[in-house]
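Peer 1: Fold the stuff below for me.
(one chain, ligands or ions: 1)
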Amino acid sequence: MTPLLKINQLKKYYPIYKGVFKRKTGDVQALREVDLTLYPQETVAIVGESGCGKSTLAQCVIRLIEPTSGSVTFLGREIAHEPKEALLPLRREIQMVFQDPFSSLNPRKRIKDILVEPLLYHKVCQTEEEALKLAKETLAEVGLNEGALNRFPHQFSGGQQQRIAIGRAIILKPKLIILDEAVSSLDVSVQAQILNLLASLQERYRLSYLFITHDLQVVEQFADRVFVLYLGKVMESGPTKELFSKPRHPYTEALLSAAPKEYPTEKRERILLKGDLPSPIDPPPGCPFHTRCPYAQEICKEPPPHKSDGPQDWFCILDLTKKKDISNL
Ligand code: SF4
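Peer 2: Residues are numbered from 1 along each chain as shown. Model (predicted):
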């Protein structure tokens, strides 16, 4: 199957300038050679600690920020470095839903305008009347009635605001929606309702989701595949069930061990990582995880990074599903 979205060797560095002459002294290496594919009607989750590059990746895809290098192909077209004006026809195909629905909705606009304006701007509808009809239908699809049209965002609860933000995203009938921590600020019960809504919309409109989150419980329920990011690099990726039941990479193992358990009686030993997350200005050479990895060896410190014959983004000398590897070191 042809991927809907293909990311190749994507890099985002933020230069650091110092002194009177603003001399460049280094870079914050937010994303380092990331590869990722997303297929039609698939949900791919990007997980990792704060500062691992998850949101930077999403923003590079939607071109809210400019990638330093690498490629992003969407619907077979390279979009990472094209002028933004040339991408206008593609803009409606990729939409984004943010963590805080209130700050993502213009507080001075009525819901009617929030929904109608993109329809007229992208010429999905030719008249305001036609756009208003579609806005009413969309509100019904996200579980709100047409009485919402004349109200302002602050007149809704957080869950309702997120429904409006989802409505604004789906009204243009996109192929891809980037969900950037889209359910993280909601109560657990509201979170479940929003996830159910997203699942049913995905089925109805054959949507693909790029799901950025730090919540592994949600990922386990919702995503088809997972990419684990650490210091701007993919450490491991794979089908959700496989990755959760048998993590192959020490970082994935540690991340899963720290996640709240679905059943409190479930036994999973917590792996405490030593030290802090290294600075992305000066990431460790060799394996980026070697300063905190419980299995680290001398060889792990050596550049170039060690790759086994596993998947392309595999990044470890070990495979934890074959624990004997460890004793052989
Ligand atoms: Fe740990 Fe070495 Fe594997 Fe890195 S390469 S995750 S330091 S064992």
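
Peer 1: Please enumerate the strands of the stretch 51-200 of the chain.
Peer 2: 69-74, 77-78, 94-97, 176-180 (DSSP state E, counting those that start in this stretch).

Peer 1: could I get the ones you listed as a markdown table with mean pLDDT?
Peer 2: As requested, the strands of the stretch 51-200 of the chain are exported to a markdown table (pLDDT from 0 to 100):
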| stretch | mean pLDDT |
| --- | --- |
| strand 69-74 | 96 |
| strand 77-78 | 92 |
| strand 94-97 | 96 |
| strand 176-180 | 97 |
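
Peer 1: Of all those, which one is nearest Lys133?
Peer 2: Of all those, strand 94-97 sits nearest to Lys133, with 20.3 Å by C-beta to C-beta. Bear in mind the C-beta positions are built from the backbone N, C-alpha and C, glycine included.

Peer 1: Who are the packing partners of the closest one?
Peer 2: Applying 3 or more C-beta pairs under 8 Å, 6 or more residues apart in numbering; DSSP states H and E, we find strand 94-97 packed against helix 158-170, strand 176-180.

Peer 1: Switch the ones you listed over to CSV; also include mean neighbour count and distance to the ligand.
Peer 2: Putting the helices and strands packed on strand 94-97 into CSV (neighbours: other C-beta atoms under 10 Å; distance: least, C-beta to the nearest ligand atom, whole Å) gives the following:
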stretch, mean neighbour count, distance to the ligand
helix 158-170, 22, 36
strand 176-180, 24, 27
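
Peer 1: Include distance to Lys6 when you put the ones you listed into a markdown table, please.
Peer 2: Below are these laid out as a markdown table (distance: least, C-beta to C-beta, whole Å):
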| stretch | distance to Lys6 |
| --- | --- |
| helix 158-170 | 22 |
| strand 176-180 | 12 |
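
Peer 1: Quick one: closest of the ones you listed to Pro89.
Peer 2: strand 176-180 (14.6 Å).

Peer 1: Which residues of the stretch 151-300 of the chain lie near the ligand?
Peer 2: Applying C-beta under 6 Å from any ligand atom, we find that the stretch 151-300 of the chain lies next to the ligand at Pro250, Cys287, Phe289, His290, Cys293, Tyr295, Ala296, Gln297, Cys300.

Peer 1: List only those of the residues you listed flagged as buried.
Peer 2: Buried members of these, scored by 16 or more other C-beta atoms under 10 Å, are Pro250, Cys287, Phe289, His290, Cys293, Tyr295, Ala296, Cys300.

Peer 1: What ranges in the stretch 151-300 of the chain fall below the confidence cut-off?
Peer 2: Residues of the stretch 151-300 of the chain that meet the criterion pLDDT under 70 lie in 261-268.

Peer 1: all helices of it, in order?
Peer 2: 158-170, 188-205, 216-222, 240-245, 250-258 (DSSP state H, counting those that start in this stretch).

Peer 1: give me the residue from the stretch 1-150 of the chain nearest the ligand.
Peer 2: Gly48 (14.0 Å; C-beta to the nearest ligand atom).

Peer 1: nearest spatial neighbour of that residue, skipping sequence neighbours?
Peer 2: Leu229 (3.8 Å; C-beta to C-beta, 6 or more residues apart in numbering).

Peer 1: in the sheet, who's paired with that neighbour?
Peer 2: Val234 (DSSP bridges).

Peer 1: what distance separates stretch 271-281 from the centre of its chain?
Peer 2: Centre-to-centre, stretch 271-281 and its host chain are 21 Å apart (C-alpha atoms, centre = their mean, to the nearest Å).

Peer 1: So what touches that stretch?
Peer 2: Here stretch 271-281 makes contact (C-beta atoms under 8 Å, 6 or more residues apart in numbering) with 16, 26-30, 49, 51, 53, 231-232, 253-254, 257-258, 284, 288, 291-292, 294.

Peer 1: Mind doing that once more with 6 Å?
Peer 2: With C-beta atoms under 6 Å, 6 or more residues apart in numbering as the test, stretch 271-281 has contacts from Gly26, Val28, Gln29, Leu231, Ala254, Ser257, Pro284, Thr291, Arg292.

Peer 1: ok, of the residues you listed, which one's closest to Glu117?
Peer 2: Nearest to Glu117 among the contacts of stretch 271-281: Val28, at 35.2 Å, using C-beta to C-beta.

Peer 1: Let me know the pLDDT of that closest one.
Peer 2: With respect to pLDDT, Val28 scores 96.

Peer 1: Likewise for the one 4 residues further on?
Peer 2: According to the predicted model, the pLDDT of Arg32 comes to 93.
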